[in-house]
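> below are the sequence and a predicted model; questions follow.
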2 protein chains.
Amino acid sequence: MLKPITQLEFARAGKITPEMRSVADRERLDPEKVREEVAAGRMVIPANKVHLAGRLEPMGIGIAARCKVNANIGNSAVTSDLAGELEKLHTAVHFGADTVMDLSTGRNIDRIRAAIIAASPVPIGTVPIYQMLEELGGEIEEMRPQHFLDMVERQARQGVDYMTVHCGVKFEHLHLTTNRVTGIVSRGGSLIAKWMMVHRKQNPLYEHFDDLCDIMREHDVTWSLGDGMRPGSIADASDAAQFAELDVLGELTRRGQQRGTQVMVEGPGHIPIDQIQMNVEKEIEICNGAPFYVLGPLVTDFAPGYDHITSCIGAAMAGWYGAAMLCYVTPKEHLGLPEREDVKQGMIAYKIAAHAADIARKRPGVQDRDDALSRARFAFDWNEQFRLALDPETARAYHDETLPQDTFKSAQFCSMCGPKYCSMKITEEIRAMATEKPLGLIAELPLVAKS
Amino acid sequence: MLKPITQLEFARAGKITPEMRSVADRERLDPEKVREEVAAGRMVIPANKVHLAGRLEPMGIGIAARCKVNANIGNSAVTSDLAGELEKLHTAVHFGADTVMDLSTGRNIDRIRAAIIAASPVPIGTVPIYQMLEELGGEIEEMRPQHFLDMVERQARQGVDYMTVHCGVKFEHLHLTTNRVTGIVSRGGSLIAKWMMVHRKQNPLYEHFDDLCDIMREHDVTWSLGDGMRPGSIADASDAAQFAELDVLGELTRRGQQRGTQVMVEGPGHIPIDQIQMNVEKEIEICNGAPFYVLGPLVTDFAPGYDHITSCIGAAMAGWYGAAMLCYVTPKEHLGLPEREDVKQGMIAYKIAAHAADIARKRPGVQDRDDALSRARFAFDWNEQFRLALDPETARAYHDETLPQDTFKSAQFCSMCGPKYCSMKITEEIRAMATEKPLGLIAELPLVAKS
């Protein structure tokens, strides 16, 4: 057996690494439990050794841990710069992003990524085919396998913690997308598909999967197996193309784990509410419990401009059913590149989704904050409510729109109901009366309805 | 048998009313199916004869129909006026409210309500105890049953289509709320509870249920049986108090239907994701399929300022499981009285929830708009995407932030990915190549992976 390099290999060798211990602390789990989950491939700890030597605070993604949220940032050819991307990183982390993907496809990719990795306490993910394509001048058909291997190695050396690679898109499955409403909507997936169509050859990333594993293993970069044929509309959800690829991802999950690399699996996208449970359970079964990292899913396509909402419904449900990480969607999805405010709105919606999933899965301690906020609400402690709120500034601003004065921070009402109609205030009065004449006795009185 | 007055009585007598026919048209249902659903108590058509003679366009609420959304408007003692309330009404209807509740508790209630009913094409609901309390000078303990009966009659004569009455809060169940985190959070429920505590007597609205039925029947006002002991936090969800009241509501549903009145049943409130299905199914069973009208539910309490989002997750799921109408929650919930922009944001979130539920329940034709929008998206027809969007102005504005020029309305990309990375554009190229050498043949080539 090789000397262990990756968290997976250490876990299999029975060793609890400092990173596993750190994850156990953050998740309120036993360190041995974390080791077991990592060894079984049900949890990944994306921690490139370069980033780990920098600011990275190790975190775990898996069904035994709290549901995580990823924020996508990055420029495009049309807009954004380094300062703007760092601002998006800080905004995402401020609002609770557990990981951040830099999807830059515009200028200065290396410089932007280096700055992001240096500044980030959370794992950074990338999609290496984007930068490779930039260096090929945008001509995907020029790609040779070595181009891709080199780019993965370069990014691994920079400290990228996990990478989306579209190894699962196979030539013999492309025809399954022919009658789709929205075709192939993964950028990486469509690029690989185009390469295969031009060359009439199998996906080189699939063909070189083992070579890629060797690079990933050396730096302990975690696989995020991309779903290049995910549905781009609910019309295309759960179709043959999607599930043909999922079977390939199942095969690659096992192969990647056998070669010592940590693996998570990406999922859709656009899925109606009634198909979400089936999708999550299918991935868990086919990929042997590897952490499922879903994009939304959007549960309707009719609300561009509000896709952080259409998708956080699906994301909350997916998290409840067992997805390990939710990739946020911002209000700008399908319309333009997200800016700082969009990052914030996407993060808020997805922290809500992930937290609601954690509550439903009864993960240890997660409901404490809700209950504390509810107690503060009942006690009319407005400042404590704001303090405990996911976004204290917004909660306070909304309250203060109508009742800004300090005196109303202890008022037994707000402008919603006004002083006479506050049910919580009335409940207090009722409880005072019940203390005088206990309700327990009253309940036993022979009170019978007339009818 | 009495001469039929209400939609329920006509339906039972085998008669399809013009209102049932109108509902059938709007829902793409057979008129006989609508009649059957109304006769069985599984659908209500809230249509006060006074409002019907005015601008009301009849609509149906029930599991066989599309999932509906109610918007609450109304002033409080702290803020708002007539013009502001009419603006909220128009905003709610513009964004697709199926019904509107006027919850005014401030000044000029009669005048505001008359103006709202006169202006509204959708059914108007109220909570009569609010206005009664105003007239008692805020002293609930002064209430005699006749006060309440008179107010219900007055509002029925004005044309109110449905009324929330908290008949189900019983004296012997009050003690079940004693250890709750947030006590009683229904305004009407807490007022009735206070009255019972002061007088140590049973709920007079329960005692006079049959008398109330007679008034409701005469004007065909639909019952919205209030859930006065609904949970006000996820900590209190699905507790003994909530379900003790639900049993009473089941009894009252049957009694109300026997007396010829249409009945729907209100539901929570605050429910974790994993308890929503059980809650909906329990109501359907206990209340014999009467339409379930839920408030959210919020699936977490930690995000005041974003409760339109925390609750639309629960609402979408409730709608999928079988709730017939969703009462919206605005971003201002728990913080202040909603203004016009809050009404808009609440409506958008809830139209998304209701529509996603309709798609999941496969109601006839509901996915057509999603599919048309997806086709427009794939065809890069930006103007058509905006036209089909739930909120065209916002979708267009987001797109135009980075690419405002007219020429980009037919561009094969947006600023999110830029021209080189648009997967849909690449899919078009792939399809063009596939037309030259059909993919069907390619799929049959003996392409086998190396491994």
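Structure's in. What do you need?
> skipping adjacent residues, who's closest to residue A:73 in space?
residue A:88 (4.1 Å; CB to CB, 6 or more residues apart in numbering or on different chains). No exception for glycine: its C-beta is placed from N, CA and C like everyone else's.
> that neighbour reaches residue A:343, doesn't it?
Yes: if you go by CB atoms under 8 Å, residue A:88 and residue A:343 touch, sitting 5.0 Å apart.
> what does whatever helix or strand the residue nearest to residue A:73 lives in contact?
Using DSSP states H and E, residue A:88 falls within helix A:82-94. The contact list for helix A:82-94, computed with CB atoms under 8 Å, 6 or more residues apart in numbering or on different chains, reads A:71, A:73-75, A:100, A:102, A:104, A:108, A:111-112, A:115-116, A:119-122, A:338-340, A:343-344, A:347.
> now that helix: buried residues?
Buried positions in helix A:82-94, judged by neighbour count with 16 or more other CB atoms under 10 Å in any protein chain shown: A:82, A:84, A:85, A:86, A:87, A:88, A:89, A:91, A:92, A:93.
> want to throw those residues into TSV with pLDDT?
Shown next, in TSV, are those (pLDDT from 0 to 100):
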residue	pLDDT
A:82	88
A:84	89
A:85	90
A:86	93
A:87	93
A:88	93
A:89	95
A:91	95
A:92	96
A:93	97
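> endpoint to endpoint, stretch A:2-17 covers what distance?
Length of stretch A:2-17, first residue to last, CA to CA, to the nearest Å: 17 Å.
> and the contacts of it?
A:1, A:19-20, A:31-32, A:34-36, A:38-39, A:41, A:44-45, A:47, A:217-218, A:220, A:257, A:260-262.
> which among these end up buried?
Judged by 16+ other CB under 10 Å, buried ones among the contacts of stretch A:2-17: A:19-20, A:34-36, A:38-39, A:41, A:44-45, A:47, A:217-218, A:220, A:257, A:260-262.
> quick check: next helix or strand after whichever strand or helix holds residue A:113?
Using DSSP H and E, residue A:113 sits within helix A:109-119. Proceeding N to C from helix A:109-119, the next assigned helix or strand is strand A:124-126, under DSSP H and E.
> what are the buried residues along that next one?
A:124, A:125, A:126.
> with stretch A:283-291 instead?
A:283, A:284, A:286, A:287, A:288, A:289, A:290, A:291.
> quick one: residues contacting the first one.
Meaning residue A:283. Counted by CB under 8 Å, 6+ apart, residue A:283 has contacts A:246, A:265, A:267, A:290, A:292.
> which of the three states applies to it?
helix (DSSP: H, G, I helix; E, B strand; the rest coil).
> state the distance from it to residue A:84.
34 Å (CB to CB, to the nearest Å).
> on that earlier part again, shared neighbours, residue A:88 and residue A:343?
With CB under 8 Å, 6+ apart, residue A:88 and residue A:343 have common neighbours A:71, A:73.
> share the number of residues neighbouring residue A:53, please.
Neighbours of residue A:53 under the rule other CB atoms under 10 Å in any protein chain shown: 9.
> nope, residue A:130 is what I was after
Neighbour tally, residue A:130, other CB under 10 Å: 24.
> and it, what pLDDT?
Looking at residue A:130, its pLDDT reads 93.
> surely it meets residue A:105?
Yes: assessed by CB under 8 Å, residue A:130 is found in contact with residue A:105 at 4.7 Å.
> and for those two, which residues touch both?
A:187, B:421.
> confirm for me that residue A:273 is in contact with residue A:317.
Yes: using CB under 8 Å, residue A:273 is in contact with residue A:317, at 6.8 Å.
> any common contacting residues for these two?
With CB under 8 Å, 6+ apart as the test, residue A:273 and residue A:317 both reach residue B:317.
> one step back: which of the contacts of helix A:82-94 count as buried?
The buried subset of those (16+ other CB under 10 Å) comprises A:71, A:73-75, A:100, A:102, A:104, A:112, A:115-116, A:120, A:122, A:338-339, A:343-344, A:347.
> pLDDT weak spots in chain A?
A:1, A:77-80, A:438-451 (pLDDT under 70).
> what pairs with the residue nearest the centre of chain A across the strands?
Nearest to the geometric centre of chain A sits residue A:326, at 2.6 Å (CA atoms, centre = their mean). Per DSSP bridges, the residues bridged to residue A:326 are residue A:69, residue A:294.
> so who does it touch?
Residue A:326 neighbours (CB under 8 Å, 6+ apart): A:67-70, A:293-294, A:296, A:315, A:318-319, A:350, A:353-354.
> same thing but at 6 Å, please
By CB atoms under 6 Å, 6 or more residues apart in numbering or on different chains, the contact list for residue A:326 reads A:69, A:315, A:319, A:350, A:353, A:354.
> the helix or strand where the last one lies to helix A:82-94, inter-axis angle?
Per DSSP H and E: residue A:354 is located in helix A:340-360. Between the axes of helix A:340-360 and helix A:82-94, defined by axes from the mean of the first three to the mean of the last three CA atoms, to 10 degrees, the angle is 20 degrees.
> and the contacts of helix A:340-360?
A:66-67, A:69, A:71, A:87-88, A:91-92, A:95-96, A:308, A:312, A:315-316, A:319-320, A:326, A:328, A:330-332, A:366-367, A:390, B:272-274, B:299-300, B:303, B:306, B:309-310.
> just those: which are in strands?
A:69, A:71, A:326 (DSSP state E).
> where do the strands of chain A begin and end?
Going by DSSP E, chain A shows strands at A:43-44, A:61-62, A:68-73, A:99-102, A:124-126, A:162-165, A:222-225, A:263-267, A:292-295, A:325-327.
> roughly how far apart are the residue nearest to the centre of chain A and chain B?
12 Å (CB to the nearest CB, to the nearest Å).
> for chain B, state which of the contacts of residue A:283 is nearest.
Using CB to the nearest CB, residue A:246 comes nearest to chain B of the contacts of residue A:283, at 15.9 Å.
> what is the burial count for that closest one?
Using other CB under 10 Å: residue A:246 sits among 24 other residues.
> and for residue A:223?
28.
> also residue A:385?
Residue A:385 has 25 nearby residues by other CB under 10 Å.
> mind listing what it touches?
A:373, A:376, A:377.
> what about 7 Å?
A:373, A:376, A:377, A:395, B:304 (CB atoms under 7 Å, 6 or more residues apart in numbering or on different chains).
> likewise for residue A:65?
A:27, A:43.
> now do residue A:189
A:166, A:169, A:226, A:228, A:229, B:423.
> how close does it sit to residue A:225?
Distance from residue A:189 to residue A:225, by CB to CB: 12 Å.
> then residue A:318?
17 Å.
> among those two, which residue is more densely surrounded?
residue A:318 (31 against 28).
> from residue B:314, how far off is that one?
15 Å.
> go on, residue A:304?
On the measure of CB to CB, residue A:304 and residue B:314 end up 23 Å apart.
> more neighbours: which of the two?
A direct count of neighbours by other CB under 10 Å for residue A:304 and residue B:314 places residue B:314 higher, at 33 against 26.
> got the contact list for that one?
Counting by CB under 7 Å, 6+ apart, residue B:314 has contacts B:271, B:276, B:296, B:297, B:298, B:299.
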